[in-house]
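> Predicted structure and sequence below. I'll ask about it afterward.
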Amino acid sequence: MTETRIRSYDGENRVSSPESTEQDRHTKQREEAGQETAVCPECGGDVVDDETHGETVCEECGLVVDEDEIDPGPEWRAFDASEKDTKSRVGAPTTKMMHDKGLSTNIGWRDRDANGNSLSTSQRQKMQRLRKWDERFRTRDHSERNLKQALAEIERMGSALGLSETVRETASVIYRRALEEGLLPGRSIEGVTSAAVYTAARQAGTPRSIDEIVHVSRIDGMEFKRTYRYVVRELDLEIEPADPESYVPRFASDLDLSGAAERRAHELLAAAKSAAVHVGKSPVGLAAAAVYAASLLADERVTQDRVSEVTDISEVTIRNRYTELLEAADEAVAA
């Protein structure tokens, strides 16, 4: 690497180091970002930030334009991830899945002091009272208490349905929108939360059937459908029709089918969509029939009863859709 000697502020020559190369990189980044580059008051050259020494130095003449800059970073150093987590004093990122967005603190449930020693009986009773009051003070009024209950319900249903944290976060945002728009009066918290979870799952491309949602919720199917239509209409949500193929991977996994059988199920559904067989049909029923037909074609015979148990679709529906899928596949081959 070619060494470049520049004139420092005390009149001495000094050799450029890897640090100066890092300074050049920061200057170039500022220029690419459209930020103005500071100019040296002596020679008019560009100045760069020397983070190591906390100074702003001219690249041309070496003049120290500013010194004793404030370092916004932590005062500690860490050499691995575990040490960084131990020394870090910041909390978790904010989240819509908590009524206070995770900004408040709570008292831990472990009855131990800072040294890891167990607390005495009187101290444990005192900590239990403090936890109770801390939990009460985290919600200021009935609206926050209801919001806390609703978000806990979304977390419970999302966990029972195997939905990702992203889907639960989206469901929490949908529920908060419904709350801000005043859609809750006259409707149960369970109904709106169930509609939010169902909507978020469909938007994320990991849909769950209505029967699955009703099974883990505390409302019946009629109330869920009514609330879901109302929430989607009032919030003007854009929900595309569920694709039968989005159910296939989960059903195939639950039935322990091979990758070949799963691909065959996708091919059957693709042929059905080309022939418009899927119009007006339940996507879950089509997916269940495609999985059943694919298991037979791949010589991995699965009974209709087993498919019905996993997909929660009646055997009659599976047989009817199974016939339609095979007919569509035969027409596609003939064409």
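On my side now, so go ahead.
> just checking, residue 220 touches residue 214?
Yes - here residue 220 reaches residue 214: they are 6.8 Å apart, a contact under CB atoms under 8 Å. Glycine gets a C-beta too; all of them are placed from N, C-alpha and C.
> Looking at those two, which one has more neighbours?
Using other CB atoms under 10 Å as the criterion, residue 220 and residue 214 rank with residue 214 on top: 19 against 10.
> so which strand or helix has the more buried one?
helix 210-216 (DSSP states H and E).
> mind checking how far that helix is from the chain centre?
Remark: helix 210-216 is offset 22 Å from the chain centroid, using CA atoms, centre = their mean, to the nearest Å.
> from memory residue 131 sits against residue 107, does it?
Yes - the pair residue 131 / residue 107 is scored as a contact, 4.8 Å apart, by CB under 8 Å.
> What segments of the chain are helices?
Here the chain has its helices, by DSSP state H, at 18-32, 81-87, 121-137, 142-160, 165-180, 189-203, 210-216, 221-235, 248-254, 259-274, 283-297, 304-311, 315-334.
> Among these, which comes closest to residue 71?
helix 18-32 (15.0 Å; CB to CB).
> Poorly predicted segments of the stretch 51-200 of the chain, please.
Where the stretch 51-200 of the chain drops to pLDDT under 70, the residues are 91-92.
> Please repeat the previous calculation with a cut-off of 90.
51-124, 126-148, 186 (pLDDT under 90).
> Which other helices and strands does the helix holding residue 214 contact?
helix 142-160, helix 189-203, helix 221-235 (3 or more CB pairs under 8 Å, 6 or more residues apart in numbering; DSSP states H and E).
> can I get those in CSV with distance to residue 318 and mean neighbour count?
Converted to CSV, the helices and strands packed on helix 210-216 look like this (distance: least, CB to CB, whole Å; neighbours: other CB atoms under 10 Å):
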stretch, distance to residue 318, mean neighbour count
helix 142-160, 24, 17
helix 189-203, 23, 24
helix 221-235, 20, 16
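> I'd like to know which of the ones you listed is closest to residue 87.
Using CB to CB, the helices and strands packed on helix 210-216 put helix 142-160 closest to residue 87, at 30.1 Å.
> Remind me what the closest one packs against, helices and strands.
On a contact count with 3+ CB pairs under 8 Å, 6+ apart, helix 142-160 meets helix 165-180, helix 189-203, helix 210-216.
> What's the local residue count around residue 253?
11.
> got it, and residue 93?
Count around residue 93 with other CB under 10 Å applied: 7.
> any idea how far it is from residue 152?
Distance from residue 93 to residue 152, counting by CB to CB, to the nearest Å: 19 Å.
> Of all the helices and strands packed on helix 142-160, which one is nearest residue 244?
Going by CB to CB, the one of the helices and strands packed on helix 142-160 nearest residue 244 is helix 189-203, 12.9 Å.
> returning to what we had before: can you list contacts of the helix holding residue 214?
156-157, 160-161, 194, 197-198, 220-221, 224-225, 284, 312 (CB atoms under 8 Å, 6 or more residues apart in numbering).
> I'd like these written out as CSV, with distance to residue 334 added.
Below are those laid out as CSV (distance: CB to CB, whole Å):
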residue, distance to residue 334
156, 50
157, 45
160, 45
161, 40
194, 44
197, 43
198, 39
220, 45
221, 40
224, 42
225, 40
284, 28
312, 34
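> Report the two of those residues separated the most.
156 and 284 (22.5 Å).
> Residue 61: which of the helices of the chain is closest?
Minimum separation from residue 61 across those (CB to CB) falls at helix 18-32, 13.6 Å.
> how's the protein carved up into domains?
In terms of domains, the chain is parsed into 1-90, 142-235, 244-334 (source: automatic domain parsing).
> Turn these into CSV, including distance to residue 122.
Formatted as CSV, those follow (distance: least, CB to CB, whole Å):
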stretch, distance to residue 122
domain 1-90, 31
domain 142-235, 30
domain 244-334, 52
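> Relative to residue 112, which of the ones you listed is closest?
domain 1-90 (17.4 Å).
> residues contacting residue 276?
Contacts of residue 276 by CB under 8 Å, 6+ apart: none found.
> Backbone torsions only: list them for it.
Phi and psi for residue 276, reported as degrees, to the nearest 10, are phi 60, psi 30.
> where does it land on pLDDT?
Looking at residue 276, its pLDDT is 87.
> cool, and residue 250?
Residue 250 is given a pLDDT of 91.
> what do you get for residue 3?
Reading off the model, residue 3 has pLDDT 41.
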